[in-house]
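**Student:** Pasted the sequence and its predicted model underneath.
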Amino acid sequence: MKNWAKKVTIGLLSASLLALGACSGTEDSASSGNAASDGIQERVIKAGIGLNEDHPEGQGLIKFKELVEEKSGGKITVQNYFAAQLGDDMQMTEALKAGTQEVTIPSTSPLVGMVKEFGIFDFPFIFNSGEEADAVLDGPVGDQVLEKLAEHNLVGLGYWENGFRNLTNSKHPVEKVEDFEGLKIRTMQNEVHLDAFKELGANPTPMAFSEVFTALESKTVDGQENPFATIESNKFNEVQEYLSVTNHVYTPFVFLMSKSFWDKLSDKEKEIVQDAAIEAGQYQRSLNREENQKSLEHLKEAGMKVNEVSDDEKKKIQKKIQPVIDKYADKFGKDLFEEMNTQLEEIRSE
Ligand code: KDG
């Protein structure tokens, strides 16, 4: 049974046990009278992300807050922090592990040093569409990776969407595989991205997202790669002239919760936050796809010189970085990688 289905089943079971007043986690609430009838205590969830409030990820977090506060009758409140106010992805992830923050929703890419299996989602050109990514992430492969989080005092409540990544730079258009040569590209802190850009002849620099705008503005790096909505929201177009549509990698976000916080929750409270993370995630994915198309148009209107990299050139890029994929497929888990590819082949044969 899928992880999320298991969680919802537990929720339904706990709802019936609650009705009998027998559900675990209510001993504290028994002393507070009303709470005993619904198994929900006064709690605060501190949630932080690296992107801005106006980005689809920020809007998804606002939706999560609305759902949790509505479903808990206001007893559970969510305090949202945007634009790396609480630190960068890795710092916020460490805060969850330490129990000083409850939620963050980073890209999976910088987590590969902690859970190597996340790395299979970083392989270039793995997914042809967001829908293919949804099927893999919400299925057995995505679930198996989330289960690796527990040993790090983390719980994964589902995947949201960062999206397909495209290259910007201040030097020249990237139209063919040779054009990567010598470009100083900022990458996420992820060995697949680093090795792939090295294989293409670029000069990659790993860097936390919160430092990217300054690095581009000061010309410390020539370029970076992110989905259109991120490029627009963080105004990278103000310091980047060229946008080359490569869609070279699909990056998921993963909804992380501190396990020490999760373990304190009653079954009813777990059901509320799990369902809210999934429902807000569906909303965020849909909004992200709409907004990314709008952002591309806005970036063109703002004067970015946009070129589409042809399928033939994408095939040459893919061929050139194939040794990187072969190397890391073994390192991240050949079986899981093959299970993902089998699922993708089945989807494409339907
Ligand atoms: O909090 C999420 C962001 O940090 C996310 O945009 C990461 O895509 C990312 C990048 O380029 O670091």
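**Tutor:** Arrived safely.
**Student:** Confirm residue 78 sits in a helix?
**Tutor:** No: counting by DSSP: H, G, I helix; E, B strand; the rest coil, residue 78 is not found in a helix; it is strand.
**Student:** and the residue lying closest to residue 97 once chain neighbours are set aside, how many neighbours?
**Tutor:** Using Cβ to Cβ, 6 or more residues apart in numbering and skipping residues adjacent in sequence, the residue nearest residue 97 is residue 153, 4.7 Å away. From N, CA and C alone the C-beta is placed, and that goes for glycine too. Neighbourhood size, residue 153 [other Cβ atoms under 10 Å]: 16.
**Student:** OK, contacts around residue 153?
**Tutor:** Residue 153 is in contact with 96-97, 99, 258-260, counting by Cβ atoms under 8 Å, 6 or more residues apart in numbering.
**Student:** Next step: those residues restricted to strands.
**Tutor:** Among these, the members falling in strands (DSSP state E) are residue 258.
**Student:** Phi first, then psi, for residue 159.
**Tutor:** Residue 159 has phi and psi values of phi -110, psi 140 when expressed as degrees, to the nearest 10.
**Student:** and the nearest residue to it once chain neighbours are set aside, how many neighbours?
**Tutor:** Nearest non-adjacent residue to residue 159, counting by Cβ to Cβ, 6+ apart: residue 137, 4.1 Å away. Using other Cβ under 10 Å, residue 137 has 27 neighbouring residues.
**Student:** Which pLDDT value goes with the residue nearest to residue 97?
**Tutor:** pLDDT, residue 153: 97.
**Student:** cool, residue 98 as well?
**Tutor:** Residue 98 carries a pLDDT value of 97.
**Student:** Count the residues that sit near it.
**Tutor:** Neighbours of residue 98 under the rule other Cβ under 10 Å: 11.
**Student:** give me the number of residues near the residue of the stretch 201-350 of the chain found nearest the ligand?
**Tutor:** Residue nearest to the ligand within the stretch 201-350 of the chain: residue 209 (3.4 Å; Cβ to the nearest ligand atom). By other Cβ under 10 Å, the residues close to residue 209 number 22.
**Student:** Just give me the neighbour total for residue 264.
**Tutor:** When neighbours are defined as other Cβ under 10 Å, residue 264 has 15 of them.
**Student:** Name the residues of stretch 129-142 that are buried.
**Tutor:** Buried residues in stretch 129-142, counted by 16 or more other Cβ atoms under 10 Å: 130, 132-139, 141-142.
**Student:** Export the residues you listed as TSV, with columns for distance to residue 165 and secondary structure.
**Tutor:** TSV is the format used below for the buried residues of stretch 129-142 (distance: Cβ to Cβ, whole Å; DSSP: H, G, I helix; E, B strand; the rest coil):
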residue	distance to residue 165	secondary structure
130	13	helix
132	16	helix
133	12	helix
134	17	helix
135	20	helix
136	17	helix
137	16	helix
138	21	coil
139	22	coil
141	20	helix
142	19	helix
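**Student:** Thanks a lot, see you next time.
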